[in-house]
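1. What follows is a predicted structure for the sequence shown.
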Amino acid sequence: MYLIKRKSVFCIRYTDEIDNHLKQVSTHCKNKKDALNFLSRFQTELKQKKKLQFITLENFKREYLEHVKRIHSKHYYSAIERTFNRLIKVTGDIPLVKLDRITLEKFLYDIFSNAKYNARLYHINLRASLNYAVSRNYIESNPLNKFRLPKLPEKVNLYISEAEFNSIIDKTENETLKDLFLFAYNTGMRLSEITNLKWSSVSFNEGIIKIENCETFITKSKKSRIIPINSILLEVLQRRLPKVMDITKNIYVFSKNGVRLNNDYVSRNFKSAVREAKLHEDFHFHLLRASFISNLAKRNVPLSAIQKLVGHENIRVTEKHYLSVQNETLIQAMRTLDTGYVNKVSAE
């Protein structure tokens, strides 16, 4: 670190230890004595400043993915990997400290212009990863802490009626997938929960299915829950029950030749059946979960009970689906009054 004079003003030239680049800072002093005092203060500030560890974006991606792999689901792991791959494709393998707010804002706004919901997901993923980077002393602060994307338009809640669901089943030839779709429609379980379900978590004696964490699977909320087995589920499970089962029951309920079904495989086949049945293009597998909530709400099942069955950590998420169904019921009720009023006027 040393002083140089540029156009009658002294400047400090030094090597940044974070990115190993030569940098220059103006002292704004023309007098050498004043410049030396500025240099002394500057050196003290640098020493007091928390020394950051250098890491490139690519190496940080690898480290963060290892961290995610230990505590999150495979689905979340894949989402984080896609986020970083897309970011690095735009920025290149730059030092993490160079990933500033301007760069991130441009990246997110560019995505937002074409895919609003993807941009929101990328924003959430990146903000979480950069909080981890702060904790690891790779950056001083999270550049996305105060950044907000424009508010998203509220999605219309879609549900699959029993008639529509039956038409999807009719268009599904694979018996295992038929059972899986029926299972999802009657449990509200997430796809990953179903494909990871083993016979050890099914208790015919107690009449319950246990959704729990294990070495190979972690639930979204990281909490366990139970789902009672009704007559429809009992029929499905009895059809799936292997003739010979190991004492550990370490066998997947839904499998192909003993191998766990791939989530993408299930989703693609569900979408194909939807298209074959000529139903709404926005119908996708996760709507079976929303439809389960809808069916319970229409039967006036208490909100708290629905929340426990589907495993929503926040009751407001359950409430959103619940109220949407209740509003539809109220609208239908008011329409019956319209008919009565019209008939009365006609009679007069």
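-> That came in fine, so what should we check first? Numbers count the residues shown, from 1 in each chain.

2. Okay, helices next: where are they in this structure?
-> For the chain, applying DSSP state H gives helices covering 32-48, 57-71, 74-91, 101-112, 116-135, 162-170, 175-185, 191-195, 231-240, 263-276, 287-298, 303-310, 315-347.

3. ends of stretch 15-29, how far apart?
-> Stretch 15-29 has an end-to-end distance of 21 Å (Cα to Cα, to the nearest Å).

4. So L22 is in contact with C11, correct?
-> No: counting by Cβ atoms under 8 Å, L22 stays clear of C11, with 11.8 Å between them. Just so you know, the C-beta spots here come from the backbone N, C-alpha and C atoms, and that holds for glycine as well.

5. Those two: which has the busier surroundings?
-> Looking at L22 and C11 with other Cβ atoms under 10 Å, you find the greater number of neighbours at C11, namely 19 against 8.

6. and the gap between the more buried one and F84?
-> Distance, C11 to F84, using Cβ to Cβ, to the nearest Å: 37 Å.

7. any low-confidence regions in the chain?
-> Confidence mapping of the chain against pLDDT under 70 gives the ranges 17-21, 47-50, 152-157, 247-248, 314-348.

8. Work out which residue lies at the spatial centre of it.
-> The geometric centre of the chain, computed from its C-alpha atoms, lies nearest to Y76 (Cα atoms, centre = their mean), at 6.1 Å.

9. So that residue sits against K69, correct?
-> No: the pair formed by Y76 and K69 falls short of the contact definition of Cβ under 8 Å, at 9.5 Å.

10. can I get the CA coordinates of stretch 234-250 in PDB?
-> Taking C-alpha atoms only, stretch 234-250 is exported to PDB below (Å, rounded to 0.1, in the frame of the first residue of the first chain):
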ATOM      1  CA  LEU A 234     -57.600 -49.500   1.800                       C
ATOM      2  CA  GLU A 235     -58.600 -50.900  -1.600                       C
ATOM      3  CA  VAL A 236     -55.600 -49.300  -3.300                       C
ATOM      4  CA  LEU A 237     -53.200 -50.500  -0.600                       C
ATOM      5  CA  GLN A 238     -54.600 -54.000  -0.700                       C
ATOM      6  CA  ARG A 239     -54.100 -54.100  -4.500                       C
ATOM      7  CA  ARG A 240     -50.500 -52.900  -4.100                       C
ATOM      8  CA  LEU A 241     -49.600 -55.300  -1.200                       C
ATOM      9  CA  PRO A 242     -46.700 -57.600  -2.200                       C
ATOM     10  CA  LYS A 243     -47.200 -61.300  -1.900                       C
ATOM     11  CA  VAL A 244     -43.900 -61.600  -0.200                       C
ATOM     12  CA  MET A 245     -42.500 -58.800   2.000                       C
ATOM     13  CA  ASP A 246     -39.200 -58.500   3.900                       C
ATOM     14  CA  ILE A 247     -39.600 -58.200   7.700                       C
ATOM     15  CA  THR A 248     -38.200 -54.600   7.500                       C
ATOM     16  CA  LYS A 249     -41.000 -53.700   5.000                       C
ATOM     17  CA  ASN A 250     -38.300 -51.600   3.300                       C
END
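
11. Show me which residues of it are buried.
-> Neighbour counts over stretch 234-250 (16 or more other Cβ atoms under 10 Å) mark 236-237, 240 as buried.

12. swap in stretch 128-137?
-> With burial defined by 16+ other Cβ under 10 Å, the residues of stretch 128-137 counted as buried are 128-130, 133, 136.

13. For those residues, give me a markdown table that also has distance to L3.
-> Written out in a markdown table, the entries for the buried residues of stretch 128-137 read as follows (distance: Cβ to Cβ, whole Å):
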| residue | distance to L3 |
| --- | --- |
| A128 | 43 |
| S129 | 40 |
| L130 | 36 |
| A133 | 34 |
| R136 | 35 |
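
14. Give the buried residues for stretch 203-222.
-> 209, 211-212, 217-219.

15. What separation do you get for the closest residue to I208 other than its chain neighbours and V310?
-> Closest residue in space to I208, ignoring its immediate chain neighbours: I226 at 4.7 Å, by Cβ to Cβ, 6 or more residues apart in numbering. When Cβ to Cβ is applied, the distance between I226 and V310 equals 12 Å.

16. tell me, how many neighbours does D100 end up with?
-> Applying other Cβ under 10 Å, we find 10 other residues in the vicinity of D100.

17. Kindly apply the preceding question to Y14 instead.
-> Every residue meeting other Cβ under 10 Å relative to Y14 is counted, giving 15.

18. Roughly how far does it sit from M1?
-> Shown here: Y14 relative to M1, a distance of 4 Å by Cβ to Cβ.

19. before we move on, the earlier item: mind listing what the residue nearest to I208 touches?
-> With contacts defined as Cβ atoms under 8 Å, 6 or more residues apart in numbering, the neighbours of I226 are 208-211.

20. Ok, V259 next?
-> By Cβ under 8 Å, 6+ apart, the residues touching V259 are Y252.

21. Who is it paired with across the strands?
-> K256 (DSSP bridges).

22. what about it, distance to V236?
-> Computed as Cβ to Cβ, the V259 to V236 distance reads 20 Å.

23. thinking again about what came up before, excluding residues flanking it in the chain, which one is nearest the residue nearest to the centre of the chain?
-> In space, Y76 comes closest to V68 once its chain neighbours are excluded; the distance is 6.4 Å by Cβ to Cβ, 6+ apart.
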